[in-house]
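K.L.:
Got a sequence here, can you build the structure:
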Amino acid sequence: MVAEIFSNILIYRGLEIGQSLAWQLLYPGWNLPKKAPGAQGAGSISSPPVQRQARMFEVMRTLRNNTDSSARRGLLGDSRGFSLIEALIVLVIGTILTVIAIPSVTAVVRNYRISGAISSITWSIHSTRYQALMQGYPYQVVFSSSANTYQIQNLPPLAAAYANVGSAVPFSSWPVTLSADTTLNFKPNGFVQATTGLLYFTITYQGLCQKLTVTNYGNVSIRPSNPQSTCP
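P.N.:
Okay, the predicted model is just below:
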């Protein structure tokens with residue numbers, strides 16, 4: 001019994017000495033602390049390497065957080081909102097550009113609308129002349145300055161008077177006006193004459209004027225050719 005107790009004491013002391021030597025080899029300069037009174041076994045020995053490792057992890061985590069914060073500040077910079085003066089400057093510049101652009105936009109819109117009316121009137125003249133040539137009897141197109149419409153009519157053989165072909169068609173949805181009521185008569189041989197008004201009339205829209213002239217053989221010309229010309 002005594003031999004067994006003595007053997008256990010030697011084994012325990014050997015383990016304690018071996019652990020102390022191991023700490024000295026791994027962490028030079030560290031002194032193995034003494035056991036607390038009444039402590040039993042090697043489990044009572046403190047573990048400073050574990051504590052040091054925990055502190056190291058804490059330091060690394062702190063450094064990482066600081067690095068991330070610095071990176072975010074570098075990306076964002078000293079960002080801030082617009083000041084009142086900056087907002088007012090942008091507003092003034094936008095207003096000036098808008099005022100400059102309004103006349104140009106208005107001129108483009110006016111030219112587009114009067115050009116559309118001229119195209120519609122020109123098409124009606126060519127279409128009526130073509131039908132007179134194809135059908136072999138007279139056709140005419142009646143332009144109304146009050147209604148802003150044109151009406152195609154024909155005079156078939158044995159007919160006593162001209163009859164409407166379809167209904168009246170507006171040549172513009174905008175208030176484009178003609179200088180006078182005009183009726184252009186087309187013979188089967190292609191000859192054109194004005195039975196009401198003249199072979200020319202003026203188309204007006206918001207100060208823009210275009211003079212449309214039809215020759216005796218159905219050729220249509222627009223004068224002045226400059227679409228931005230104003231009425232005299």
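K.L.:
Name the surrounding residues that touch stretch 214-225.
P.N.:
Stretch 214-225 is contacted by residues 118, 122, 125-126, 129, 184, 186, 190-194, 199-200, 210-213 when judged by CB atoms under 8 Å, 6 or more residues apart in numbering. The C-beta positions use only the backbone N, C-alpha and C, and glycine is treated the same way.
K.L.:
actually stretch 163-181, not the one I wrote
P.N.:
113-114, 116-117, 120-121, 124, 131, 139, 142-156, 196-198, 201-205.
K.L.:
who does the residue lying closest to Leu199 once chain neighbours are set aside bridge with?
P.N.:
Take Leu199 and drop its neighbours on the chain: the residue closest to it by CB to CB, 6 or more residues apart in numbering is Val214, 4.9 Å away. Beta-bridge pairing for Val214 (DSSP bridges): Val220.
K.L.:
returning to that earlier point: buried subset of the contacts of stretch 214-225?
P.N.:
Buried members of the contacts of stretch 214-225, counted by 16 or more other CB atoms under 10 Å: 118, 122, 125, 129, 184, 186, 192, 194, 200, 210, 212.
K.L.:
Next, format those as CSV and append distance to Val165.
P.N.:
Shown next, in CSV, are the buried ones among the contacts of stretch 214-225 (distance: CB to CB, whole Å):
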residue, distance to Val165
Ile118, 22
Thr122, 18
Ile125, 14
Arg129, 13
Leu184, 14
Phe186, 12
Val192, 17
Ala194, 19
Tyr200, 24
Gln210, 26
Leu212, 22
